[in-house]
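Q: What shape does this take:
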Amino acid sequence: MCTNKVCCLLGIPWRVTMGLVTRTSAELPLLGAFEASFSLNRFIKFVGPGLLMSIAYVDPGNLESDLQVGANAGYALLWVLLWCTILGYIIQMQAAKLGVVTQKHLAEHCREQFYPVLRYFLWIMAEIAIIGSDIQEVIGSAIALLLLSHGTIPLWLGVLLSVTGSFLMLLIERFGVTKLEALFGAFISIMVGSFAIMFYRAHVPLVEVVKGFVTPFVPRSSVSQAVALVGSLIMPHNIYLHSALVQSRTLRRQDDSHKQEALLYYSIESGLSLLVSVFINMFVTGVFAAGFHGQALQDIGLENAGMYLGKTYGQFMVYIWALGLLAAGQSSTMTGAYTGQFVMTGYLQLKIRPWLRVLTTRLVALIPALLVAVITRNDSGSTALDSLNQWLNLLQSVQLPFALIPVLAFNASQPLMGKFVNNRATIALTVLISLAVMLVNVSGVLAFAEAALSGASFAVWMVVAGFMALYVVVVGYLFVVATAAAGLLPAGLCHGAFEPYSSSRSNSGSTDGEQLQSERSDSDRGDRTLDRVPTPPLIAAAAHEAATGIDDAAAAPAGVSESDDIEQPQQLRRPLLSPQAP
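A: This next block holds a predicted model:
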């Protein structure tokens, strides 16, 4: 398949013009003139968002999955690691495209397109996913500090000290986003260096590593590790993060050519960043496969990995492992705090002081980790923290659809994305990927529930079955609402099912509460008609085009937007592009 067809299938523009940067600011590159050739100088200006995004692929939760895969499955699942990262790349580029094209991130789009109840539900799910990830990162940092200090810093104190990473991020961010990105680059370099040294000293057989990457085979005894590996790589909060990070580069002009160029450079930068993450995960898997495969270490995890490494390779390997683990924990802690700011401001438009936001989320994450740390004390053979990590991986798996479905639906919306809308092949590909990942996650949840509830009473199983049925209904409902809001399903499916957030309210100064109260009064009088039901922006655009045969985006004169004729609140404007010639 030729290169341009592959790029079209992935939703990445290929035939674009590129050139040199004519002027830059201290933090945000301003991109201007074009040339018909690749510019390394210009590409470097886009390097950064992909580094932060890739941190989620090498956080402590992923490192634990890597070492468990290596110890229990050897090199057999390296191909699963590679293909999961490729699938994750495709999903991440969907988030990046949404941010670049619309100049709004996923949380902002969810606020504008969904009615209040669903909007707040998605916000809560996003916050739960972020907090769950934070707990894993806090645990990883605490274990690393315990190993580096040779037990001098107990787990509970390490948990408390881990919060300093988030405030370090806030301090460095004040000097510019490029300085923050450089810090994350340093963290990734530490991980690469540390785990590469371990890989070299463990004498990992390269032939077995290559076989693991090219042989698509899952041993029957390693199915649970394969499922855990899939669930640990693709994180819901990372979709929110990437859609916001790509807006850190300010385009000189918001035209199609500049957006195409940005998407192409971001696709290269993200691909290279995830390639580095593959090597990091491979190093960890290879070390534990070479040292522990075949020893039936079913209880191995982050908490006791240092003990096993010390017995097999010596204390030096323990320190190197702890250094890489600390870099993973602190970098992922910072990205979690960053994501939380985007999610809160996007969904709620609530702008609180960053240090207060960080302190609040860190306290919520610290409580369960601190309790387990106090209970286990400094028992190096304990697996309590590892059990908590498994539950948190399970939590991330069930949260994934609540971020994945909206981002794919919005990318398939013609009124929203204009000429950048996903074609049918891309829609089919992303839907198949999403279904495959979600089915694997569901199978992992079922297997974990079966193991955790073995011997439970029939009543307990009925309660679990009820929750799972409710979960399926909620995910299905979100799918219908998101696809209808994107114009992919008939708008009538959503009428009467909820109170959508109208895009055509008058400018009389009424608040959201006054508008909803007015609509309730109409309903109480029994005089509401179908035309008076508020309609989400994307449904309204799709319905108008279907009725008149006129695409508002195409019909609008160049340089004239809907907001030029009708003044609307910024958060209520239709996110409708007016494609212009390059």
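
Q: low-scoring stretches of the stretch 301-450 of the chain, by residue?
A: Low-confidence segments of the stretch 301-450 of the chain (pLDDT under 70): 351, 354, 361-362, 365, 375-386.

Q: please redo it, this time with the cut-off set to 50
A: 380 (pLDDT under 50).

Q: Kindly report the same for the chain.
A: 1, 3, 5-8, 10-30, 32, 34-36, 380, 496-582.

Q: That one: strands as residue ranges?
A: All strands of the chain, identified by DSSP state E, fall at 23-24, 29-31, 250-251.

Q: What pairs with the last one, parallel or antiparallel?
A: In other words, strand 250-251. Next to strand 250-251 in the sheet, as set by DSSP bridges, lie strand 29-31 (parallel).

Q: With adjacent residues omitted, what lies nearest to the residue most central in space within the chain?
A: In the chain, the centroid-proximal residue (Cα atoms, centre = their mean) is Asn238; its distance is 1.7 Å. Counting by Cβ to Cβ, 6 or more residues apart in numbering, the nearest residue to Asn238 once its immediate chain neighbours are dropped is Ala56, at 4.1 Å. Where C-beta positions appear, they are placed from N, C-alpha and C, glycine not excepted.

Q: In this structure that neighbour contacts Gly336, no?
A: No: counting by Cβ atoms under 8 Å, Gly336 is not a contact partner of Ala56; they are 9.0 Å apart.

Q: who has more neighbours, those two?
A: A count of neighbours by other Cβ atoms under 10 Å puts Gly336 above the other of Ala56 and Gly336, at 33 against 29.

Q: Verify the contact between the more buried one and Val138 for me.
A: No: contact criterion Cβ under 8 Å: Gly336 and Val138 do not qualify, at 9.5 Å.

Q: From Val474, how far off is the residue nearest to Asn238?
A: Distance, Ala56 to Val474, using Cβ to Cβ, to the nearest Å: 24 Å.

Q: Then Gly231?
A: Taking Cβ to Cβ, one finds Gly231 at 19 Å from Val474.

Q: Which one's more surrounded, those two?
A: Set Gly231 next to Val474 and count neighbours by other Cβ under 10 Å: Gly231 wins out with 27 against 15.

Q: need the contact list for the more buried one.
A: Contacts for Gly231 (Cβ atoms under 8 Å, 6 or more residues apart in numbering) come out as Asn393, Leu394, Gln396, Ser397, Val440, Asn441, Gly444.

Q: Also His293?
A: By Cβ under 8 Å, 6+ apart, the contact list for His293 reads Gly70, Ala71, Asn72, Ala73, Gly74.

Q: And it, how far from Val230?
A: When distance is defined by Cβ to Cβ, His293 is 20 Å away from Val230.

Q: now Ser65
A: 9 Å.

Q: Ser162 now?
A: 27 Å.

Q: again, but for Leu309
A: Taking Cβ to Cβ, one finds Leu309 at 26 Å from Val230.

Q: Assess the claim that Gln390 and Ala447 are in contact.
A: No: between Gln390 and Ala447 there is no contact under Cβ under 8 Å: 11.3 Å.

Q: So for these two, which sits in the more crowded spot?
A: Higher neighbour count among Gln390 and Ala447: Gln390, with 19 against 14, using other Cβ under 10 Å.

Q: which residues touch the more buried one?
A: By Cβ under 8 Å, 6+ apart, the neighbours of Gln390 are Ala228, Phe448.

Q: likewise the one 3 residues further on?
A: Asn393 makes contacts with Gly61, Ser65, Gln136, Ala228, Gly231, Ser232, as judged by Cβ under 8 Å, 6+ apart.

Q: Let's see that with 6 Å instead.
A: Gly61, Gly231, Ser232 (Cβ atoms under 6 Å, 6 or more residues apart in numbering).

Q: Identify the residues contacting the nearest residue in space to the second one that is not next to it in sequence.
A: Taking Cβ to Cβ, 6+ apart as the measure, Gly231 lies nearest to Ser397, with 4.3 Å between them; neighbours along the chain are not counted. For Ser397, the contact set (Cβ under 6 Å, 6+ apart) comprises Gly231, Asn441, Gly444, Val445.

Q: again with Ser133
A: By Cβ under 6 Å, 6+ apart, the neighbours of Ser133 are His237, Gly336.

Q: Tell me the buried residues in stretch 248-263?
A: Across stretch 248-263, burial judged by 16 or more other Cβ atoms under 10 Å covers Ser248, Arg249, Leu251, Asp256, Ser257, His258, Lys259, Gln260, Glu261, Ala262, Leu263.

Q: Throw the residues you listed into JSON lines and include distance to Thr285, thanks.
A: JSON lines is the format used below for the buried residues of stretch 248-263 (distance: Cβ to Cβ, whole Å):
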{"residue": "Ser248", "distance to Thr285": "32"}
{"residue": "Arg249", "distance to Thr285": "34"}
{"residue": "Leu251", "distance to Thr285": "40"}
{"residue": "Asp256", "distance to Thr285": "42"}
{"residue": "Ser257", "distance to Thr285": "42"}
{"residue": "His258", "distance to Thr285": "40"}
{"residue": "Lys259", "distance to Thr285": "38"}
{"residue": "Gln260", "distance to Thr285": "37"}
{"residue": "Glu261", "distance to Thr285": "36"}
{"residue": "Ala262", "distance to Thr285": "34"}
{"residue": "Leu263", "distance to Thr285": "32"}
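
Q: What about those, which are in helices?
A: Asp256, Ser257, His258, Lys259, Gln260, Glu261, Ala262, Leu263 (DSSP state H).

Q: my read: the third one touches Arg249, true?
A: Pointing back at His258 there. No: assessed by Cβ atoms under 6 Å, His258 is found out of contact with Arg249, at 10.1 Å.
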